[in-house]
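Q: Coordinates for the following, if possible.
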Amino acid sequence: QGFYKKGDGKDAKGKTEFLSLNLKTLEYGTDPKMDLPSIGLLKQIEDPLKRIKAVYNSKDNGGLLVKKHLLGLFSYASHRVPEIADHINSIDDALKAGFAWSYGPFEYWDIIGVNLGVTDAKEEGLPIPSWVETMVNKGFTSFYQFQNGKTLVYDPATQNYIPVAGAESKINLTALKDKAPVYKNDEMVLHDIGDGVLCLEFKSKANALGEGILRGLNESIRIAEDDGWKGLVIGNQATNFTVGANLMLIGMMAFQEEWDELQTAVSYFQQTSMRCRYSSIPVVLASQGYTFGGGCEIAMHCDAVAAAAESYIGLVEAGVGLIPGGGGTKEFAVRLSDSFDPGEVQIPALIDRCKTIGTASVATSAYEAFDLGYLIKGRDEVVMNLTSNIADAKKKVLELSDHYVMPILRKDITVLGRGGLAALYAFANEFKHGNYGSEHDIKIVHKLAWVLCGGDLTGSQLVTEQYLLDLEREAFLSLCGEPKTQQRIQFMLENGKPLRN
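A: This next block holds a predicted model:
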């Protein structure tokens, strides 16, 4: 029947019981609960490199399993050079690109330590090829080296390090770690990536946007302006660009009713987003993976976005009972206004954009992000090679820097006032009666409509960006005070998924 089968009973949670084959008795039974201290240890370590090393060195069964697996991998992969590839980085790249590995075998070996890996493999009776022995005997302690922003790889043929082929056309932020940063704090690092361009890299947990990153972003723009840099790239090489604003901080201030502090924080986020647009240097964002919430808002305010094709961009605040409060709702109103043509019926476009934010729609690719209004054709671009998005963003900065002129604050934004509100309230009512949303979802849509339409205006009018930002901030804060929003925030923090209440 196989190694597993369904049981007839239920487990303690009332779910169908699954049985596994006991290899000693050859009978099916429930799995014994594993006691693996290494799992608890890993949860306390944020740095993935330190986490890998910690589990490798742990002495419980989990650590021993990982150790055996990696040592076997090291032995096998190293024996395939030069049989299947002349250069070890080709094997690493193939496994990362083709099998979605985070690191290739030789990168894992570097994390563990080449000398330790060789010693442990020999203790396990695993063969190590002569070229690795030669490398170790020459005093080399890693397969990769980073020098002056360049990535070098050990070449068994020349018994020395050579530049990684094609690396000159890409930017590897890891390769800059031997250079002193231009500026840094606990949540970000500002790199010099050459040709007068800076790159701000996030370093917070899950790249969540907290006070440190926002302060660092403002300081990075100030440094670029005051010290004569050509521009700024905002980018990192994590799997996900950012999960958005630090929900824990927002939730804590809301739960403790610290409204003045929360208003200050929201206002600072709005000012930071606006700073990305209204500065004397071009700011370009390089996105990949999740680009949610506040990350999307910052992207929308940059001069351009170099989005990896697999970028999942979206304003997801409605999922936790809020509207975008870092300038995102305002920016949708601006883009909506820019899309209006004389004589065109404007209500359908208004409803479409309200629906995008109100249902927390996330683009499943950079291409779909154009359709949803998160990216703009002719301004933003799609990068097919994930490893090139920072380099492409840098090229865009250099293109824009030649004749860059700081934009002027917008005072010509068309909002539809009561006419638009009536249409969106009717849409929300249909949404509710179709059982697509709860009462609280409708309340969120009403707040969203209020901002997109410019509030209680008698008709279509021109308003300023600051006017819309004030409406956005007021709506965001009022929703933070709603018990059901606070329930959604708490549920998301505890379970990692939205609550439908």
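Q: Following element in sequence after the helix or strand harbouring residue 310, please.
A: Element membership for residue 310, per DSSP states H and E: strand 304-314. Next along the chain after strand 304-314, taking DSSP H and E as the criterion, comes helix 328-339.
Q: Summarise which helices and strands that next one is packed against.
A: helix 259-277, helix 294-301, helix 347-358, strand 413-415, helix 439-452, helix 465-480 (3 or more C-beta pairs under 8 Å, 6 or more residues apart in numbering; DSSP states H and E). Any C-beta I mention is one placed from the backbone N, CA and C, and that applies to glycine too.
Q: any idea which of the ones you listed is most buried?
A: Neighbour counts averaged per stretch over the helices and strands packed on helix 328-339 are highest for helix 294-301, at a mean of 29; criterion: mean count of other C-beta atoms under 10 Å.
Q: looking just at contacts, which helices and strands does that helix meet?
A: If you count contacts as 3+ C-beta pairs under 8 Å, 6+ apart, helix 294-301 packs onto helix 259-277, strand 283-292, strand 304-314, helix 328-339.
Q: Of all these, which one is nearest residue 363?
A: Of all the helices and strands packed on helix 294-301, strand 304-314 sits nearest to residue 363, with 4.8 Å by C-beta to C-beta.
Q: I'd like to check the angle between that closest one and helix 294-301, please.
A: On the basis of axes from the mean of the first three to the mean of the last three C-alpha atoms, to 10 degrees, strand 304-314 is oriented at 150 degrees to helix 294-301.
Q: Output the contacting helices and strands for strand 304-314.
A: strand 283-292, helix 294-301, helix 366-372, strand 381-383, helix 389-401.
Q: what residues does the longest one touch?
A: Judged by C-beta atoms under 8 Å, 6 or more residues apart in numbering, the contacts made with helix 389-401 from elsewhere in the structure are 169-171, 173, 193-197, 199, 230-233, 235, 237, 281-288, 303-304, 306-308, 381, 383.
Q: make it 7 Å
A: For helix 389-401, the surrounding residues in contact (C-beta atoms under 7 Å, 6 or more residues apart in numbering) are 169-171, 193, 195, 197, 199, 230-231, 233, 235, 282, 284-286, 288, 303-304, 306, 308, 383.
Q: Centre of the chain to it, how far?
A: When C-alpha coordinates are averaged (C-alpha atoms, centre = their mean, to the nearest Å), helix 389-401 and its chain have centres 20 Å apart.
Q: buried stuff in that helix?
A: Residues 389, 390, 391, 392, 393, 394, 395, 396, 397, 400, 401 are the ones in helix 389-401 that count as buried (16 or more other C-beta atoms under 10 Å).
Q: Output those as TSV; include the columns pLDDT and distance to residue 210.
A: As requested, the buried residues of helix 389-401 are exported to TSV (pLDDT from 0 to 100; distance: C-beta to C-beta, whole Å):
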residue	pLDDT	distance to residue 210
389	94	23
390	96	22
391	95	27
392	97	27
393	98	23
394	97	26
395	97	30
396	98	27
397	98	25
400	97	28
401	96	29
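Q: I'd like those as a markdown table, with distance to residue 22 appended.
A: Listed next are the buried residues of helix 389-401 as a markdown table, based on distance: C-beta to C-beta, whole Å:
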| residue | distance to residue 22 |
| --- | --- |
| 389 | 49 |
| 390 | 51 |
| 391 | 54 |
| 392 | 54 |
| 393 | 55 |
| 394 | 57 |
| 395 | 59 |
| 396 | 60 |
| 397 | 61 |
| 400 | 65 |
| 401 | 67 |
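Q: Take the helices and strands packed on strand 304-314 and lay them out in CSV including distance to residue 447.
A: Below are those laid out as CSV (distance: least, C-beta to C-beta, whole Å):
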stretch, distance to residue 447
strand 283-292, 20
helix 294-301, 16
helix 366-372, 20
strand 381-383, 33
helix 389-401, 34
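Q: Next one, pLDDT for residue 28 please.
A: For residue 28, the pLDDT comes out at 90.
Q: Same question for the one 10 residues further on.
A: Residue 38 is assigned 82 on the pLDDT scale.
Q: Next: residue 97.
A: So, for residue 97, pLDDT stands at 89.
Q: Check residue 5 too.
A: 88.
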